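Novice: My questions are about this predicted structure, shown below with the sequence.
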Amino acid sequence: MAKSSWRPAHIPDLTGKTIVVTGANSGIGLEAVKLFAANGAEVILACRNTAKAEAAVEQVRERTPDARLIVMSLDLADLASVKAFVVALKERISTLDILLNNAGLMAPPLQRTKDGFEIQFGTNHLGHFALTGPLLDLLDAAPAPRIVQISSLAHRSGKIMWGNLNAEKRYSRWPFYCQSKLANLIFAKDLHRRLRKRGSNIQVMAAHPGYSATHLQDTIPGGGLFNKFMAQPAEMGCLPGVMAATSDDVISGGYYGPDGKILELRGYPAQAFARKITDNEGLAQRLWDESERLTGVRYLNTQGEGEA
């Protein structure tokens, strides 16, 4: 990977832009909010725990007192909550400039969403799939809209486990995390292709934070120790997503991460490595069809039955 020349100082003036960040109350989501707000954007913090989101707002305002911030309730592990968020958002705004699909969880014991999905696949992938489609009209109304989907280095070890997609037969926390992150990257690349075919000007990028110290590691035995000795701070981990959301040098369909020499664990953002399987259109179509079937949210699918 080439060394990055991009730095936070390159973020343009975002005055007049509206940005939605999922999972914005901590970690790389919160750090992204701080940068967006400092550069003039109105930022909507879409969070499951609104009390924590309000506390995050106070942190942002310590740095940017005049920050324009809105807290809205969104639980990606509950499709009814996703639908309610979309309705509430459309009552509040008529255009959306940037959607940063950041929220996620990593390697918990077996849990299920409100709708019965394995919680990592259900939250990390299906929740964002169900959120993104109904917001395309708001994005289309913006002059230069972007969607950024956060994936992970873990996509490299991922496999879409057809027949056991939602842990119907067995469960192991790490393979299901890797599956969800592979699905994130396949989705982002496929969404880019579908929007191009439709003639939309929405750009779609994916990004990963490298190995960054966040609360995601709280479910992992020894996670705090690994964070202390191996991780970069969340302030660095947020940068690939922020660059993808704001830079003129990124391309739709691209994937961005830290420029470090060792597995892209650390560093400033640059183009990242993506497995060839993430460009497999047959696999992407199957994942799209299954995502529509599971969520009941249909969009941009020429093989489907219309749009939700």
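Specialist: Nice, thanks for sending it over.
Novice: switch to C-alpha atoms for all contacts and neighbour counts from now on
Specialist: Noted.
Novice: now for the helix or strand containing residue 44, which elements pack on it?
Specialist: Using DSSP states H and E, residue 44 falls within strand 42-47. With contacts taken as 3 or more Cα pairs under 8 Å, 6 or more residues apart in numbering; DSSP states H and E, strand 42-47 sits against strand 18-22, helix 27-38, strand 68-73.
Novice: go with 10 Å
Specialist: Judged by 3 or more Cα pairs under 10 Å, 6 or more residues apart in numbering; DSSP states H and E, the packing partners of strand 42-47 are strand 18-22, helix 27-38, helix 50-63, strand 68-73, helix 79-92, strand 98-101.
Novice: helices or strands next to the fifth one in the packing?
Specialist: The contact analysis (3+ Cα pairs under 10 Å, 6+ apart) places helix 79-92 against strand 42-47, strand 68-73, helix 128-132, helix 136-140.
Novice: how about it: buried residues?
Specialist: 79, 81, 82, 83, 85, 86, 89 (16 or more other Cα atoms under 10 Å).
Novice: Can you list the low-confidence ranges for the chain?
Specialist: Applying pLDDT under 70 to the chain flags residues 1-2, 213-230, 304-308.
Novice: Give me the residue at the spatial middle of it.
Specialist: The centroid of the chain falls nearest to residue 101 when counting by Cα atoms, centre = their mean (2.6 Å).
Novice: For that residue, list each beta-bridge partner.
Specialist: Under the criterion DSSP bridges, residue 101 forms beta bridges with residue 149.
Novice: Okay, buried residues for stretch 260-271 please.
Specialist: Neighbour-count burial for stretch 260-271 [16+ other Cα under 10 Å]: 260, 264, 265, 266, 267, 268, 269, 270, 271.
Novice: Now, the residues you listed that are in strands?
Specialist: Assigned to strands by DSSP state E, the following of these qualify: 269, 270, 271.
Novice: wait, which of the helices and strands packed on strand 42-47 is closest to residue 238?
Specialist: Closest to residue 238 of the helices and strands packed on strand 42-47, according to Cα to Cα: helix 27-38, at 4.6 Å.
Novice: Which other helices and strands does the longest helix anywhere in the chain contact?
Specialist: Ranked by residue count and defined by DSSP state H, the top helix of the chain is helix 173-198. On a contact count with 3+ Cα pairs under 10 Å, 6+ apart, helix 173-198 meets helix 119-120, helix 128-132, strand 146-150, strand 203-207, strand 255-258, helix 281-295.
Novice: Kindly calculate the angle that it makes with strand 146-150.
Specialist: Orientation check (axes from the mean of the first three to the mean of the last three Cα atoms, to 10 degrees): helix 173-198 against strand 146-150 gives 160 degrees.
Novice: buried residues in helix 173-198?
Specialist: 174-193, 195-196.
Novice: hmm, back to that, can I get the helices and strands packed on helix 173-198 in JSON lines with distance to residue 37 and mean neighbour count?
Specialist: Shown next, in JSON lines, are the helices and strands packed on helix 173-198 (distance: least, Cα to Cα, whole Å; neighbours: other Cα atoms under 10 Å):
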{"stretch": "helix 119-120", "distance to residue 37": "29", "mean neighbour count": "30"}
{"stretch": "helix 128-132", "distance to residue 37": "22", "mean neighbour count": "24"}
{"stretch": "strand 146-150", "distance to residue 37": "17", "mean neighbour count": "27"}
{"stretch": "strand 203-207", "distance to residue 37": "20", "mean neighbour count": "29"}
{"stretch": "strand 255-258", "distance to residue 37": "22", "mean neighbour count": "29"}
{"stretch": "helix 281-295", "distance to residue 37": "32", "mean neighbour count": "16"}
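Novice: Fine by me, we can end here.
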